[in-house]
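Visitor: Fold the following.
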Amino acid sequence: QDVLAKWMTLEVGKPFAEAKGEVGAAADIFEWNAEETKRIYGQTVESRFEDTRVHVYYQPVGVVAALTPWNFPLVLSSRKISTSLAAGCSVIIKPDTITPGTVMELVDICRECGVPAGVVNLLSGDPPSIAEQLISSDTIKKISITGSTRVGKLILKQAAEKVQRVTMELSGHSPFIVFDDADMNKATDMAISAKFRNNGQVCISPNRFYIQENKKNEFINLFIDKAKKLKIGNGMDPDTQLGPLTTQKRLNEIEALVEKTKQEGAKVLMGGKRPAGFNKGFFYEPTVFDDVKDDFTIMKEEPFGPLVPMLSFKTFDEVIERANNNDLGLCSYICTNSMEKAHRSSELMETGTVAVNTPMVAIAEAPFGGIKQTGYGREGGSMAIKDYLNVKYTHLGIKG
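Guide: Residues are numbered from 1 along each chain as shown. This is a model prediction of the structure:
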């Protein structure tokens, strides 16, 4: 566990304790899929013809090409590798160039555990050229990608030439809705946990905070008090809660988006700059904005960092409409003590996943994925493995 966690801390920058949690989550995914392989049941369908029978089979789709990003290298690779194995498929994993070490270690573990040579394979290097070679190969029968919507569209165009099966988990821009009946202390704890894991560099990170207007000030004040207590530092320091952003490019993009948001009229309530005392590394303070409008750039583009725009709303119908006004549909967060609001909002949110009163979203036993331009297909649960299987049916005449 410590070896894998250290790889992630050194490559990504996430705190060591958080990286150890990712190792545990990855092991959980492997365990789930190991059990799920026992539950790939065929079917016998009642035929309407008395002298025939219908049998339905599931068979491995073939070799899988799995493309993973840098932000959660172990969990995302584990999803694709373990699901492929459970379905009876070989897999070629292509990690991001930022995190080859973590994924190499995972592939070595698979081999040490007895996975035959040639079943779990790794390719590391230039992403466009490797992806093009994999997608154009007649050997590859399925592609699974976690990445940006921009890259996903490019891969989808290439895959269309060979009509390859594709699972796509792409960009997100999650709303976080707090109704006035919620416990504000619990709601802010949930918001801090959801927003600042991996310093906001998460596809399910909440990026638009809608607080019912009579509770907005209370929520903001509590949130800022808690955010200020987060310790920024080297991920190998056991006390660190927020590590650096992963790359110089990421830092530059965050700084540019902060300036753009200020120019569009937002007010910075906290942060908005690099922390004092950090002359090296890509550190950036948690940043809270007020006076944000729905048409601001930050409300449409995925920030992928520790940026928190706060907005208010009056009515249930209003906030649902505004929260759904986005081309991406991965995840939504809801805080309420009303079961009616919890159920109604879950049904109405245009996202593949809804988290009500919990920051936990992607768990091994549940079908995780998005709608709209966030992609299609699911990872996790009993539904995911079906994407790695071909369906075949036999119509069997039983009379000689």
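Visitor: okay, CA-based contacts and neighbour counts for the rest of this
Guide: OK.
Visitor: I'd like the distance from the helix or strand of the chain with the lowest mean pLDDT to the chain centre, please.
Guide: The weakest-scoring helix or strand in the chain, judged by mean pLDDT, DSSP states H and E, is helix 127-136 (a mean of 91). Centroid separation for helix 127-136 versus its chain: 23 Å, with C-alpha atoms, centre = their mean, to the nearest Å.
Visitor: can you list contacts of that helix?
Guide: Contact with helix 127-136 is made by 65, 67, 96-97, 123, 140, 143, 155, 158-159, 162, as judged by C-alpha atoms under 8 Å, 6 or more residues apart in numbering.
Visitor: Does residue 221 lie in a helix or a strand, and which?
Guide: helix 216-228 (DSSP states H and E).
Visitor: Can you give the distance of that helix from its chain's centre?
Guide: 26 Å.
Visitor: Quick one: list the elements packing against it.
Guide: Judged by 3 or more C-alpha pairs under 8 Å, 6 or more residues apart in numbering; DSSP states H and E, the packing partners of helix 216-228 are helix 184-196, strand 307-313.
Visitor: and stretch 81-100, what's its mean pLDDT?
Guide: The pLDDT scores in stretch 81-100 average 98.
Visitor: Keeping just the C-alphas, turn the least confident helix or strand of the chain into PDB.
Guide: Extracted C-alpha coordinates of helix 127-136, given in PDB (Å, rounded to 0.1, in the frame of the first residue of the first chain):
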ATOM      1  CA  PRO A 127      -0.600   9.800 -26.000                       C
ATOM      2  CA  PRO A 128      -1.900  10.800 -29.500                       C
ATOM      3  CA  SER A 129       0.300   8.400 -31.400                       C
ATOM      4  CA  ILE A 130      -0.300   5.500 -29.000                       C
ATOM      5  CA  ALA A 131      -4.100   6.100 -29.000                       C
ATOM      6  CA  GLU A 132      -4.100   6.200 -32.800                       C
ATOM      7  CA  GLN A 133      -2.300   2.900 -33.100                       C
ATOM      8  CA  LEU A 134      -4.500   1.200 -30.600                       C
ATOM      9  CA  ILE A 135      -7.800   2.500 -32.100                       C
ATOM     10  CA  SER A 136      -6.800   1.600 -35.700                       C
END
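Visitor: Please work out which of the helices and strands packed on helix 216-228 is packed deepest.
Guide: strand 307-313 (a mean of 23; mean count of other C-alpha atoms under 10 Å).
Visitor: Not counting that one itself, show me its contacts.
Guide: 200, 207-213, 216, 220, 286-293, 298, 319.
Visitor: Buried among those residues? Need that as a selection in ChimeraX.
Guide: To isolate the buried members of the contacts of strand 307-313 in ChimeraX, using 16 or more other C-alpha atoms under 10 Å:
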select :200,207,208,209,210,211,212,213,216,220,286,287,288,289,290,292,293,298,319
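Visitor: circling back: contact partners of the helix holding residue 221?
Guide: Under C-alpha under 8 Å, 6+ apart, the answer for helix 216-228 is 184-185, 187-189, 191-192, 211, 270, 286, 288, 310-312.
Visitor: Between strand 307-313 and whatever helix or strand comes next after it, find me the angle.
Guide: Scanning forward in sequence from helix 216-228 by DSSP H and E, the next helix or strand is helix 248-263. Inter-element angle recorded for helix 248-263 and strand 307-313: 30 degrees (by axes from the mean of the first three to the mean of the last three C-alpha atoms, to 10 degrees).
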